[in-house]
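# compute the structure for the input listed below.
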Amino acid sequence: MRKIAVRIGLSVLVSLMIYLLVAMGLIISDSHREPDADKEPLSFQALTGDTGDLPPLEDYEARDGSTLSYRLYPSESQRVLILLHGSGWHSRYLAPMARRISAGGYAKVVTPDLRGHGPDPIRRGDIDYTHQLVDDLADLIDHLRKDQPEATLVIGGHSSGGGLALRFAGSRYGPQADGYLLLAPWLQYNAPTVRPDGSGWAIPYTRRIIGLTLLNNLGISALNHLPVIRFNMPADVRDGTETLSYSYRLNAGYAPRDYTEALSAIKQPLLVLVGGEDGLFYPEKFRPVVNRYTEGDVRVIDGASHLGIVVDESVVPAIGSWLQADITD
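Numbers count the residues shown, from 1 in each chain. So this is what the prediction gives:
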């Protein structure tokens, strides 16, 4: 029996060593990728206009003692819409939409600069642990409720920000929201909505992601700070405040753990808008995917691109009518 136990122990040890060697080999071998020359980078033309005078950045304290920032667009409405930016940039590009929503009296709009992003982040492109963005969002809600305890709260997000809104919905904090607004949301890399031949915007280090996932399956997270994705942002729109790469933990934390479970967790009113000319996603596939797991109003905005959906003139009236009809003020 002792010999059998020793043999089993040696077999397990050898298997573990092979597992670790494979994981490390994947991590080391995939440290850099060039953009695919055959794919057009994501067009930022729709967002290069003047965003006007921005509200000042206001601060709140997260549970780890860090100071994080947001912008507030005031309104007489008792609704509060927290609108989360997508990957690579920060809350500034949402200013035209936020300003129109607040000016229409539909909601106060709060646009945070998510941890790892913005003009002066703690560590650009990185967070401390995978679930930290959700915890930060819960801390922001606590901060806002100090002054507006009875406010009706909607969590919204564009692109990866929509993915984060879904991650929040699937977390223990999800019931805190009175509604969810998803604008061309990122669901998951293999979701039916994702075009496999999409633009060359996001460049993942696929082998490194697999290797780090293997390590995390063993509870090894020491290398989660390594970059696993970078963004092909045109040089003419960069100003030093962009975030061009993400660590493994930030990239994982910016999306739902499982979009099917996150959608299934949403019992509140839900509005999903996607542009008819979205180059990253299949617009027509959102309705069957979303409505398979939850009730929700899913609409395609004709002529709008992936980024253009946040400035398209027909989008804010659609959001406003939904807020007034489905979200109690």
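# which stretches of this protein form helices?
Ranges of helices in the chain, per DSSP state H, are 2-29, 95-103, 132-147, 160-169, 206-217, 248-253, 259-265, 286-293, 315-326.
# so can I have JSON lines of the ones you listed showing mean neighbour count, mean pLDDT and distance to Val228?
Glycine gets a C-beta too; all of them are placed from N, C-alpha and C. JSON lines is the format used below for the helices of the chain (neighbours: other CB atoms under 10 Å; pLDDT from 0 to 100; distance: least, CB to CB, whole Å):
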{"stretch": "helix 2-29", "mean neighbour count": "12", "mean pLDDT": "76", "distance to Val228": "9"}
{"stretch": "helix 95-103", "mean neighbour count": "20", "mean pLDDT": "96", "distance to Val228": "30"}
{"stretch": "helix 132-147", "mean neighbour count": "18", "mean pLDDT": "97", "distance to Val228": "16"}
{"stretch": "helix 160-169", "mean neighbour count": "27", "mean pLDDT": "98", "distance to Val228": "14"}
{"stretch": "helix 206-217", "mean neighbour count": "18", "mean pLDDT": "94", "distance to Val228": "5"}
{"stretch": "helix 248-253", "mean neighbour count": "26", "mean pLDDT": "97", "distance to Val228": "5"}
{"stretch": "helix 259-265", "mean neighbour count": "19", "mean pLDDT": "97", "distance to Val228": "19"}
{"stretch": "helix 286-293", "mean neighbour count": "17", "mean pLDDT": "97", "distance to Val228": "25"}
{"stretch": "helix 315-326", "mean neighbour count": "17", "mean pLDDT": "95", "distance to Val228": "32"}
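# quick check: which of the ones you listed is nearest to Val300?
helix 286-293 (7.7 Å; CB to CB).
# export that closest one as CSV, just CAs?
Taking C-alpha atoms only, helix 286-293 is exported to CSV below (Å, rounded to 0.1, in the frame of the first residue of the first chain):
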residue,chain,number,x,y,z
PHE,A,286,-28.8,40.7,-29.2
ARG,A,287,-32.5,40.3,-28.9
PRO,A,288,-32.6,36.5,-29.1
VAL,A,289,-29.6,36.2,-26.8
VAL,A,290,-30.8,38.7,-24.2
ASN,A,291,-34.5,37.5,-24.2
ARG,A,292,-33.4,33.9,-23.8
TYR,A,293,-32.3,34.7,-20.3
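# give me the contacts around that helix.
187, 191-193, 260, 263-264, 270, 272, 274, 296, 298, 300 (CB atoms under 8 Å, 6 or more residues apart in numbering).
# most neighbours among those, which one?
Val274 (28 neighbours; other CB atoms under 10 Å).
# just grab the bridge partners of that residue for me.
Here Val274 shows beta-bridge partners Val300, assigned using DSSP bridges.
# can you count the residues close to the residue nearest to Asp126 when sequence neighbours are not counted?
Computed as CB to CB, 6 or more residues apart in numbering, the closest residue to Asp126 that is not its neighbour in sequence is Ser247, at 4.3 Å. With neighbours defined by other CB under 10 Å, the count for Ser247 comes to 23.
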